[in-house]
Structures are given as C-alpha cells and as structure tokens.
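>>> I need the structure of the sequence given here:
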Amino acid sequence: MKPPYLILIIPFLIITSLSFAQHKNAKGRFISNESNISLQVSTFPASDNIHDRIDIWYRFSNNFFILTKDIDKGFIARAEISIEIFDTMKIFIDRKIFKKEIVNPTAAFEGNSYSSDIIPFYLTRGKYIIVFTATDLQSSRRFKTEKLSTEIIPIAIGTDLKTTLSDLVFLTSYDSTKLTEQSFKPVNLGGNVFFGQPFIAYLELFSKSNNLDSFTLSFKLNKLVDGKIVSTVMESDKEYQILNFLTLEPKENLYFLKPDPYREKSGIILHLPDLKLRPGDYELSVTIEDRLKIEKRFQVIWEDMPKSLLNLDYAIDMLNYIATQNELKDMFSGRISKRKEAFEKFWEEKDPTPETAYNELMAEYYYRVDFATEKFLTIDNQPGAKTDRGKIYILYGKPENTERVLNPGSPAAEIWIYAKMKKKFVFEDQKRKGDFKLITIEDL
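Residues are numbered from 1 along each chain as shown. Down below sits the predicted model:
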C-alpha cells in the first residue's frame, strides 16, 4: 500500500520547456532570457485622430540590480530607466529618463521579484525604433536593446478613420461591478499571459459616431501548434462588454478607467476562459462589423514550472512514491503521445480544482521533487528526490521541526518532527555520504 500524501499543487502538465528562451517575439515585443527583461508596445487611439498614444510596458527581474544598505529604508537598489524613440532614419523623436528606487527588507531579493511600469508617449503614425536602457546605478551594469520596432497604423473601419481600434492587450484586476476609478494591471509578460492566473482581453474603440450600440462584434480563440491552428477553444459574439465612453489612462504601473470627456472612446472587454487555458500558443481574433479583423498571437506561460516536469521519463519515475505498479506500467508503455495521455489522466483524477487547467496537487508534488532533488543530493551524486529524506519530504512536505544529532563515533542523524501528523522520522547517514537512511518512524 502506498503511503498517503499531502495536498499538493499543480496545473495541467505540458511536457515542454516554457522558459523565456522559447518566447517568439513579434513587432512591438521583446523578451531577454539573459536579463529577464520583457518589453511590450501597445497603441491606443488619441482624440485628435492624428497622434496615437503608445504605452511601453517593461518588466525586469530585481535581481538585475544590486542592493545597498540604507539607514532609513533597509536595503535599496537604485536604477535609471531610459526610453528613446527614433524614426527609421535614426532621427531622434522623443526620450524619457527617470530614476527608480527598489526597496527590500533584506540584503537579497527572494523568489521572483520584479519591477514594472507603463511609460506613455504620444506619436504621429509611422514606424519607430525604441531603445530601452536599464542601468544599475551601484555597479553601472547596463542592459540595452535596440531590437524593439513598432509601427503605428490606424486599425480602422472604413477609410475616413472615424472609427479606429487600439491594440489588444491583456489586463488583470477587473471588477465588473465597479467601472469608474477602477485600476487594472497589465499582464506584463511581453504580450503573453501567466498560466493559472486570471486575465481579460481589452481593446479600445475610438468613434466619432457616438453610436457604439450599433456595432457588432465577435471573437474566436484558437489553439496553435507549430504556428498552425489545431482547434478552436472558444467562439462567441456575446461574451464581451462595452464600457461606453470610458477609457484607460496609465499612471506608473497601473491603468485607471476614466470617463472620456469627448465621449469618443469606449473600452471593450472580452471574457476568455482564462483559467482553463493550458500552457502553449494561442491566437485571438476579433471581428467588428464583419469588415475589420484584428489578431493577436500569444503564449500561456507557466513561468515557475517545476524543472522536474520538463522530462516526461523523470516526471513519471518520481511517481513511484504514490502510483501503483500498474499505473506506472501504463505511463511507461507505448508511444510518447500515449504515455503523456496516461500521465495526464493520472493527475486529472487527483485534481482538486477540475474546473481550471491549473492542478494544484500536481504542481506542489513536483515543486517538492525539485526541492528534494537539490537539497538532499548525496556526495556520490544520487538525486536527492530518490533518497529517504527526499521521499518523506515529497510525501509530507517540510517538517515543522528538524534536529541534527552529531555524536562521536556514531553516524550523523536527523530527526524530523511533523506535529500535526503526530509523526517523528529518524534518519542516519550510515555510509557518511550524505545519504541519510530512514531508520525509524515513531508516533508522537
């Protein structure tokens, strides 16, 4: 009989690497794997119908910067951000430079810590090159890109430009019961979205007609594989909401929904099956008035996906602690597609939230596998997840109390206490190679 296991956490598994290095850049997007910086340019129509507002979203890992001690604030990293706009002839158009302080209570950033902002510019329509520079003022370390190009072309119904559209963008923190003075946060991932996190699709319509109720709109969400449509996830001409004469205005790293004083701009929110989308590539297309179609390709990215899920053989092998021999045999038999199907079925049957794609149980299990693999690695390089300590950690999680016992002439020992379970596990490093063997399990 397999031992019981605790509540674990995880989304639906896709056995592919979904790291920054795999992101496909499009115009107006840039993602750097090396520096963990993402940029996105989003265009919104302006009221004068000549200029447009381009919002540059940036997001970078705080680990890019060096923290220094500050008497009043704890620890501070000081950065300088520069965004310059050039035309295609490399003629300077505009620039914004500002300094940024990142306050942290300790001397090192923990986990995935990021800074982000929305920087607006007003430009006439045309092609531009955007140069983004982030500088750590302590070390003078610098990240600079000249690879971000964008083109401001009016997306219009008809040729008179009386009705134009913004780019499609993804936002969070939407509350349909509170329309004005509401804040939204961009999903700032280079035009992509985070797996297992809620979001909405938003676009803005500029119209001189002031008769938005007469517009017809439909949209379709397709799943892509190798750039080709393989299935339709959703198709609707009803699951959207028009926010009449309300427009988004940026301030720092948020958008605020404000009344448009000219009553010419209105927001459109598309309600997508956000929490049901699995990691992978998608295409969202919106059709208005049966004449205008705009498309956006994006990825659903599991940013902190456990490393142990990147290899199907290893992921299945690590189920030895909780799966039966027949289940393991099914998962190890047949072609890769059949094995994936068996693996996915195993976890779907244990999903505590089957209404969403993110399977909390599976995620937690493999986060524990990752931790155990590194933490309990032995001197002879046996993966820590396959040791006795690794097994207990994977099954029961972090112990509430641990004690290391060192007695002369005896092997080192560790005692793990799980007070809520009323269990004590005792391990000994009998061969003195860091491979602590489980010698006793006691009830408390």
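>>> so where's this protein shaky on pLDDT?
Residue ranges of the chain with pLDDT under 70: 1-35, 49, 147, 154-161, 174-181, 209-214.
>>> how about 50 then?
1-26 (pLDDT under 50).
>>> Got the domain ranges for it?
Following automatic domain parsing, the chain resolves into domains at 20-301, 307-443.
>>> Quick check: end-to-end length of the shortest one?
Domain 307-443 stretches 34 Å from its first residue to its last (C-alpha to C-alpha, to the nearest Å).
>>> what separates that domain from the chain centre, distance-wise?
Between the centre of domain 307-443 and the centre of its host chain there is 26 Å, according to C-alpha atoms, centre = their mean, to the nearest Å.
>>> if we can go back for a sec, now the domains of the chain in CSV, with mean neighbour count?
Where C-beta positions appear, they are placed from N, C-alpha and C, glycine not excepted. Below are the domains of the chain laid out as CSV (neighbours: other C-beta atoms under 10 Å):
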stretch, mean neighbour count
domain 20-301, 16
domain 307-443, 16
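>>> Spatially central residue for this protein, please.
In the chain, the residue lying closest to the centroid (C-alpha atoms, centre = their mean) is Phe194, at 3.1 Å.
>>> What separation is there between that one and Phe425?
Going from Phe194 to Phe425 by C-beta to C-beta, to the nearest Å gives 36 Å.
>>> again, but for Leu123
The spacing between Leu123 and Phe425, counted by C-beta to C-beta, is 64 Å.
>>> quick one: Ile379 is in a strand?
No: using DSSP: H, G, I helix; E, B strand; the rest coil, the assignment for Ile379 is coil, not a strand.
>>> wouldn't it be in contact with Lys433 here?
Yes: counting by C-beta atoms under 8 Å, Ile379 touches Lys433, with 4.3 Å between them.
>>> Do a quick rundown of the helices in this structure.
312-317, 325-332, 336-348, 360-375, 388-396 (DSSP state H).
>>> For Ile37, which of those helices is the nearest?
helix 360-375 (24.6 Å; C-beta to C-beta).
>>> so that closest one versus helix 336-348, what angle?
110 degrees (axes from the mean of the first three to the mean of the last three C-alpha atoms, to 10 degrees).
>>> Quick check: which of the helices of the chain is nearest to Lys96?
So among those, helix 360-375 is nearest, using C-beta to C-beta, at 39.3 Å.
>>> Remind me what the closest one packs against, helices and strands.
helix 388-396 (3 or more C-beta pairs under 8 Å, 6 or more residues apart in numbering; DSSP states H and E).
>>> Wait, Thr150 touches Ile130, no?
Yes: the pair Thr150 / Ile130 is scored as a contact, 6.4 Å apart, by C-beta under 8 Å.
>>> which residues do those two both contact?
With contacts defined as C-beta atoms under 8 Å, 6 or more residues apart in numbering, the residues shared by Thr150 and Ile130 are Val41.
>>> how far does stretch 319-331 stretch from start to finish?
10 Å.
>>> Numbering from 23 from now on, please.
From this message on, residue numbering opens at 23, which makes the last subject stretch 341-353.
>>> Look up which residues are beta-bridged to the nearest residue to Lys112 once chain neighbours are set aside.
Distance criterion C-beta to C-beta, 6 or more residues apart in numbering; nearest residue to Lys112, sequence neighbours excluded, is Ile151 at 7.2 Å. As for beta bridges, Ile151 partners with Phe108, Ser171 under DSSP bridges.
>>> Break down the stretch 73-222 of the chain into its strands, ranges please.
Listed in chain order, the strands found in the stretch 73-222 of the chain under DSSP state E, counting those that start in this stretch are 73-83, 90-92, 96-109, 114-126, 136-146, 148-158, 164-174, 177-178, 185-187, 191-194, 205-208, 215-216, 222-229.
>>> out of those strands, which comes closest to Ala345?
strand 215-216 (29.1 Å).
>>> list the contacts for the closest residue in space to Arg454 that isn't next to it in sequence?
In this structure, Arg454 finds its nearest non-sequential neighbour in Pro433, 6.4 Å apart by C-beta to C-beta, 6+ apart. Going by C-beta under 8 Å, 6+ apart, Pro433 touches 450-452, 454.
>>> about what we covered before: format the strands of the stretch 73-222 of the chain as TSV; extra columns: distance to Tyr304.
Shown next, in TSV, are those (distance: least, C-beta to C-beta, whole Å):
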stretch	distance to Tyr304
strand 73-83	19
strand 90-92	42
strand 96-109	29
strand 114-126	32
strand 136-146	23
strand 148-158	25
strand 164-174	22
strand 177-178	20
strand 185-187	20
strand 191-194	11
strand 205-208	18
strand 215-216	9
strand 222-229	11
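>>> For Phe278, find the nearest of these.
Going by C-beta to C-beta, the one of the strands of the stretch 73-222 of the chain nearest Phe278 is strand 205-208, 5.6 Å.
>>> What helices and strands are in contact with that closest one?
So strand 205-208, by 3+ C-beta pairs under 8 Å, 6+ apart, packs with strand 191-194, strand 276-281.
>>> Please tell me how far it is from the chain's geometric centre.
Using C-alpha atoms, centre = their mean, the offset of strand 205-208 from its chain centre is 15 Å.
>>> if we can go back for a sec, quick check: which of the helices of the chain is nearest to Thr194?
Of the helices of the chain, nearest to Thr194 by C-beta to C-beta is helix 382-397, at 19.4 Å.
>>> could you dump that closest one to CSV, C-alpha only?
Coordinates of the C-alpha atoms in helix 382-397 are reproduced here as CSV (Å, rounded to 0.1, in the frame of the first residue of the first chain):
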residue,chain,number,x,y,z
GLU,A,382,-2.6,22.5,-7.5
LEU,A,383,-1.9,18.9,-6.4
MET,A,384,0.5,18.1,-9.2
ALA,A,385,2.3,21.4,-9.0
GLU,A,386,3.1,21.1,-5.3
TYR,A,387,4.2,17.5,-5.8
TYR,A,388,6.8,18.5,-8.4
TYR,A,389,7.9,21.6,-6.6
ARG,A,390,8.7,19.3,-3.7
VAL,A,391,10.6,17.0,-6.1
ASP,A,392,12.6,19.9,-7.3
PHE,A,393,13.5,21.0,-3.8
ALA,A,394,14.4,17.5,-2.7
THR,A,395,16.5,16.8,-5.8
GLU,A,396,18.9,19.7,-4.9
LYS,A,397,18.6,19.8,-1.1
